[in-house]
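> with the sequence up front, the predicted model follows.
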Amino acid sequence: MYDQEVKYMAKIQQLSPHVADLIAAGEVVERPASAAKELVENSIDAGAKNVTVEIQNGGMTFLRVTDDGCGMLPEDAQTAFLRHATSKLRTERDLEAIHTLGFRGEALAAICAVSRIDLMTKTAESDFGTSLHLEAGEITVFEEAGCPNGTTIIVRDLFFNTPARMKFMKRDTVEGAAVVSAVAKLALAHPEVSIRVIKDGKEELHTTGDGQLLSAIRSVMGRQSAQEMVELNSHFEKYTLTGFISKPSATRGNRSNQIFFVNGRHVRSKTMTAALEAAYANCMMVGRFPSCVLHLRLPENLVDVNVHPAKIEVKFINERDIFDCIRYGVEGALDKAPAKVQMKLPEKPAQPKNPPVQVASPSAVATKQETFRTVSVEAYRAQAPKQAPRHTMSAEDYRAFAKVLQQAPRVQPHEAVLQRLEAIEKAANKPVGTSEDNNVIQPETKAVVNEGKAPRGSAEFVCTSDSVSQAPLKDMPDLPTLDTDVQEAAQQTLELPTQAWRVIGEVLDTYILVEQGRSLLLIDKHAAHERLLFEKFRKQNEPIMPQLLLSPILCELEREEAALLCENEELLSQYGFSVSDYGEGTLAVHQIPSELKADAACDTLSEIAANLKNGKKLSKNELRDTLLHTVACKAAVKGGQHSDEKERQAIVREVLCREDLKYCPHGRPICVELTAAQLEKQFKR
C-alpha cells in the first residue's frame, strides 16, 4: 500500500487549463483593487481620455470600468480573454522597449477566471458594438449590441469560485478604499486622463484631465497637500525628473505619500526612496518622512519592468545614476523653495521701566487754569495703590498637605476649640477663613474677622490684611496645640528629603544634565516622558481619558487609512479618539487623548492607521502596545523644545527613583552615565 501511494505521488501531471488559470489569477488578482488597476491600465493604453470606475460592496460584487478609448473589433473581443493574448508585443525585441502599462496578456484572463464578466465594446469605425458574457473563463453569450464608442467591462462576484481567497478579503469599506487608492495613483501617473471613481453611488474621486500634475495632486491628496508642494524639474544625462515634493515643514509620520512613477508606471523602489530621504537629511526631523509625486523618464532599455507579477517593482541597469538623479534633483528644488520665516516671540512683551507720560499742549488748555496729563494704561496701573496680598495656596502645596493629613493620626478636637469656632462663626456671620499654610486655624493666630460684608457660602473665602484685625480675642480659652510628634511628622513629610542629585541644566533642549555623586547623567527627556506615559496607559484598565475639542480638527489622510480608522472607531475610543468621516479621505477629529496636543493628532492617527494595516501580523496585545507606543510618543515632551525647571525636576525624579525607566518603548536608552573616571580620562588626568 505504501509503495502504491509513493508511486501515485511521484507522478507528474499537467494541470488542467482551469486550474492553471486559477493559479495565475492568484498572482495577478489579489483583491478588487488589483482588478480595477488592470482594467484602468487597459483603458489608458487604449487611448481613453475619460475613464469612470464604479464599485459596490468594496468591488467584490460589482466593478464597472467605462472608457472612451479605441474599443475592440468582435474577433479581438473574443481573443482578449485568452491567456497571453495581447496587442502590445510581437517579438522578443519588443520586451526590451516596453512603453505601455500592460504587455503580458494575463490580466483579462486572470480576472475572468475568478468572476462573472460582461463586456460591451465598439470602435469608431463600426456601425454596431459587441457584447460578451463570461463565467469562470467560459464565453456564454456573444452577440451584437448597440453601445457608445469605447469599452465597458463589468466584473461581478469576484472570487465566487475560490472560497479560500474570499476568507482573506477585508471589510467592504477597506476594500473600497483600496480600489480608490489604486485608481488615484493611475490618475497621478496620467494627469491628461480624466478619471472618476464612484463608490456605492457616491463620487470619491474626479480629476480634471487637463494634463497638469498639480491639478491631479489637488484632486487626489487634497488642497492643503497641494499648497505644501514644491515643483521639481531637472535633467541628469539620459534621465528626466519632474513632479512635486513637500516642503521640509510639511512632513509626515510615514511614507504613504511617497509616490514614484517610472515611464508613467507606478513603482516601489528602495533606491528612489533612499535618494529622496537623503536629500531631506539635513532639513527634516528624525522619524519624519517627506511626501512626493515624482515622474522619472528614461530610455526603456535602461529599466526592466518584467520582474514582478503585479509590475509594481522594476530593476534599473544603473542604480547609482538613479540615486544621484533623484537626490540632486530634490536638493536643487529644495534650495529654490522659498524659506518659511519663523519668529520666536518672547513669552511676555517687554515693558519700559518708565512709561512715557504725554502732556497736553499749553495752547490746547489756554482757557483752563489746570494742565491735564494723558497717562498710559501701564503708568496708571503702576501708580494705582497695591491691593492687599491674597493668602492662597498652590495646587501642589494643597495636594502635599492633603496627603500629610491623611497619613497623620487623627486628633480629637478639644471642646474649647469647638466653642471658639462657634463663637467666631456667630460673631462674624460668615465662614472661617483659610490660612496660608493649611486649612485649619493655627494655634498662634489671634485675629478677629472684620465685620465687613462678605458672601456667605462662597467656595473660597480669602482673607486680606484689611479684613482681619490684630486685636486679641477676649474671654476665649486658648487653643490646644497639636501633638509634637504629629507636627514634626508633617514637617518632615512636607519638606523634600535631601537629594542625592542636582539638576545642572539642559543641553540642546533635549538632554537634561544631572550630577549624582561622582557621575554625570544625561537624560533624554523625550524618551523618559514617553516611557512614563506608556507605563501609565498600559496600567490603566479603563480607556484613556479623552479631551473634547472645541472645534473638530480636519485630518487629510490616504483614503485607505481613513477607511481603516472609521472601521475601528471602537478601538480608537479606547485610546481617547473620536473621529467621523468627512469625505474624500478626510477625518473630523472630535476628541483626542488628554495627554496629547492637538497639533499632533493627525500624525498620531496616520501612524495608528499604518499599524492597523499590519494588524494581521500582530496579536491583540501586541497591537495594543504598538498603538500605546504611538500615543505616548506623540504626547511626550519633544526634543528640541525648551522645558522649564519644574518639568526637568519631575522627569529626573521619576527616572532616578523608578527601576523600570531604563529604555523608551522603542528600545532606546533613557539615561547615559559618565563617571568621574571617564571624564578624567578624556582630559588626560
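Received it, and whenever you're ready, just let me know what you need. Numbering: from 1, shown residues only.

> so, low pLDDT: which residues of the stretch 1-150 of the chain?
Applying pLDDT under 70 to the stretch 1-150 of the chain picks out residues 1-10, 13, 18, 21-27, 89, 92, 94-97.

> show me where it has helices.
2-9, 17-28, 32-45, 74-79, 107-113 (DSSP state H, counting those that start in this stretch).

> which of the residues in whichever strand or helix holds Ser219 are buried?
Per DSSP states H and E, Ser219 falls inside helix 213-221. Neighbour-count burial for helix 213-221, counted by 16 or more other CB atoms under 10 Å, picks out Leu213, Leu214, Ala216, Ile217, Arg218, Ser219, Val220, Met221. In short, each C-beta sits where N, CA and C put it, glycine included.

> please apply the same query to stretch 308-328.
Here stretch 308-328 shows Lys311, Val314, Phe316, Asp321, Ile322, Phe323, Cys325, Ile326, Arg327 as buried, counting by 16+ other CB under 10 Å.

> tell me which of those residues fall in strands.
Phe316 (DSSP state E).

> out of the buried residues of stretch 308-328, which sit inside helices?
Per DSSP state H, helices hold the following members of the buried residues of stretch 308-328: Asp321, Ile322, Phe323, Cys325, Ile326, Arg327.

> out of the residues you listed, who's nearest Leu554?
Distance to Leu554 across those (CB to CB) is lowest for Ile326, with 31.8 Å.

> OK, contacts around the closest one?
For Ile326, the contact set (CB atoms under 8 Å, 6 or more residues apart in numbering) comprises Leu241, Met272, Ala275, Leu276, Ala279, Leu294, Leu296.

> is the residue nearest to it when sequence neighbours are not counted in a helix, a strand, or coil?
Take Ile326 and drop its neighbours on the chain: the residue closest to it by CB to CB, 6 or more residues apart in numbering is Ala275, 3.8 Å away. With DSSP: H, G, I helix; E, B strand; the rest coil as the basis, Ala275 sits in helix.

> ok, back up a step: make TSV from the buried residues of stretch 308-328 and add distance to Arg648 to it.
Converted to TSV, these look like this (distance: CB to CB, whole Å):
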residue	distance to Arg648
Lys311	55
Val314	51
Phe316	50
Asp321	50
Ile322	47
Phe323	43
Cys325	47
Ile326	42
Arg327	40
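
> from the buried residues of stretch 308-328, which two are the most distant?
Lys311 and Arg327 (25.3 Å).

> residues near Phe683, how many?
6 (other CB atoms under 10 Å).

> my error: substitute Ser594 in the last question.
12.

> from memory it sits against Gln540, does it?
No - using CB atoms under 8 Å as the test, Ser594 is too far from Gln540 to be in contact (11.8 Å).

> remind me, longest strand of this protein?
Per DSSP E, the chain has its longest strand at strand 546-556.

> just the helices in the stretch 451-600 of the chain please.
Going by DSSP H, counting those that start in this stretch, the stretch 451-600 of the chain shows helices at 484-494, 525-539, 559-567, 569-574.

> and the host helix or strand of Ala650, what does it pack against?
Using DSSP H and E, Ala650 sits within helix 645-657. Helices and strands touching helix 645-657, as assessed by 3 or more CB pairs under 8 Å, 6 or more residues apart in numbering; DSSP states H and E, comprise strand 501-507, strand 511-516, strand 519-524, helix 525-539.

> who does the second one pair up with?
In the sheet containing strand 511-516, its partner strands are strand 501-507 (antiparallel), strand 519-524 (antiparallel), by DSSP bridges.

> format these as a markdown table; extra columns: mean neighbour count and distance to Arg668.
A markdown table is the format used below for these (neighbours: other CB atoms under 10 Å; distance: least, CB to CB, whole Å):
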| stretch | mean neighbour count | distance to Arg668 |
| --- | --- | --- |
| strand 501-507 | 13 | 17 |
| strand 519-524 | 19 | 7 |
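
> which stretch in those strands has the least confidence?
Of all these, mean pLDDT reaches its minimum on strand 501-507 (a mean of 82).

> now it against helix 645-657, angle please.
120 degrees (axes from the mean of the first three to the mean of the last three CA atoms, to 10 degrees).

> what sits up against strand 501-507?
512-517, 521-522, 525, 642-643, 645, 648-649, 652, 656.

> greatest separation within those residues: which pair is it?
Spanning the widest gap among the contacts of strand 501-507 are Gly517 and His642, at 27.4 Å by CB to CB.

> so for the longest strand of the chain, what gets flagged as buried?
Pro546, Ile553, Cys555, Glu556.

> and the last one, how close does it get to Leu605?
Same thing as Glu556. 11 Å (CB to CB, to the nearest Å).

> angle of the helix holding Ser219 against strand 546-556?
Angular relation of helix 213-221 and strand 546-556 on a 0 to 180 degree scale: 150 degrees, by the same axes, to 10 degrees.
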